[in-house]
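Novice: can you look at this prediction? I've put the sequence above it.
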Amino acid sequence: AQSVTQPDIHITVSEGASLELRCNYSYGATPYLFWYVQSPGQGLQLLLKYFSGDTLVQGIKGFEAEFKRSQSSFNLRKPSVHWSDAAEYFCAVGLPNTGNQFYFGTGTSLTVIP
Amino acid sequence: NAGVTQTPKFQVLKTGQSMTLQCAQDMNHEYMSWYRQDPGMGLRLIHYSVGAGITDQGEVPNGYNVSRSTTEDFPLRLLSAAPSQTSVYFCASSYEPGYEQFFGPGTRLTVL
């Protein structure tokens, strides 16, 4: 079955520590890949996206993600987490040849401790 | 540009009532979608549209109707609300299918 998997429901890191959020997808071809962030009570903001080309993509707020085709993964990283990064993070895939279908993982909640 | 706008922000309904969630975008995007967000389930696609007059079902379409008479507007109708439809609803638009989705601020709906 087609799916987007974020295996970590909740992660806690100390401020200043590094962060990696995992995302795996299961689709026939390489879809478009995205990471969104949602602060409490807010809408979704795009952090970064991958369509093709360089497999390491840079986003806003110091985030980056690496696409690994062999692992069907698109993990999000940040070298040094700030308290303001506490939020819910969603990985998503877009399927351009199926209308406008776009699918999200179940999200990873990030807590940052001082 | 206002981007994607949604009204209302909050709504409480009784079981069996009907209502329409409004969504509009001013970016001239052909592609628009509705999602619902429930705890632990991420966002799930309800319906989407690839242009005026063209709509299709997503993952969880039951209990919802949509229409697309203009490029700008994509309302979502609940014909007979049920408690299972208690959720946060997001409208989104994009300029190409499968591309980055631009989201509205959401509507928090409670069905009693």
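Specialist: All right, it came through fine.
Novice: buried residues, whichever strand or helix holds A:V4. List them.
Specialist: A:V4 belongs to strand A:3-5 when assigned by DSSP states H and E. When burial is assessed from 16 or more other CB atoms under 10 Å in any protein chain shown, strand A:3-5 yields the following buried residues: A:V4. Just so you know, the C-beta spots here come from the backbone N, C-alpha and C atoms, and that holds for glycine as well.
Novice: again, but for stretch B:11-29
Specialist: By neighbour count on 16+ other CB under 10 Å, the buried set for stretch B:11-29 is B:Q11, B:L13, B:M19, B:L21, B:Q22, B:C23, B:A24, B:Q25, B:H29.
Novice: hmm, back to that, what's in contact with the strand holding A:V4?
Specialist: Applying CB atoms under 8 Å, 6 or more residues apart in numbering or on different chains, the external contacts of strand A:3-5 come out as A:C23, A:N24, A:Y25, A:S26, A:C91, A:A92, A:V93, A:Y103, A:F104, A:G105, B:G42.
Novice: run the chain-centre distance for that strand.
Specialist: 11 Å (CA atoms, centre = their mean, to the nearest Å).
Novice: near chain A, which residues of chain B show up?
Specialist: By CB under 8 Å from any CB of the partner chain, the residues of chain B that approach chain A are B:31-33, B:35, B:40-45, B:48-50, B:56, B:58-59, B:90, B:92, B:94, B:96-101, B:103-106.
Novice: can you do 7 Å?
Specialist: With CB under 7 Å from any CB of the partner chain as the criterion, chain B meets chain A at residues B:31, B:33, B:40-43, B:45, B:48, B:50, B:56, B:58, B:90, B:94, B:96-101, B:103-106.
Novice: now, of those residues, which are buried?
Specialist: Buried members of the residues of chain B next to chain A, scored by 16+ other CB under 10 Å, are B:31, B:33, B:42-43, B:45, B:48, B:50, B:56, B:58, B:90, B:94, B:97-101, B:103-106.
Novice: show the contacting residues for A:K61.
Specialist: A:K61 makes contacts with A:L47, as judged by CB atoms under 7 Å, 6 or more residues apart in numbering or on different chains.
Novice: with B:S18 instead?
Specialist: Counting by CB under 7 Å, 6+ apart, B:S18 touches B:L78, B:L79, B:S80, B:A81.
Novice: can these go into TSV with extra columns for pLDDT and neighbour count?
Specialist: Below are the contacts of B:S18 laid out as TSV (pLDDT from 0 to 100; neighbours: other CB atoms under 10 Å in any protein chain shown):
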residue	pLDDT	neighbour count
B:L78	96	20
B:L79	91	12
B:S80	96	11
B:A81	96	21
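Novice: confidence score at A:V37?
Specialist: With respect to pLDDT, A:V37 scores 97.
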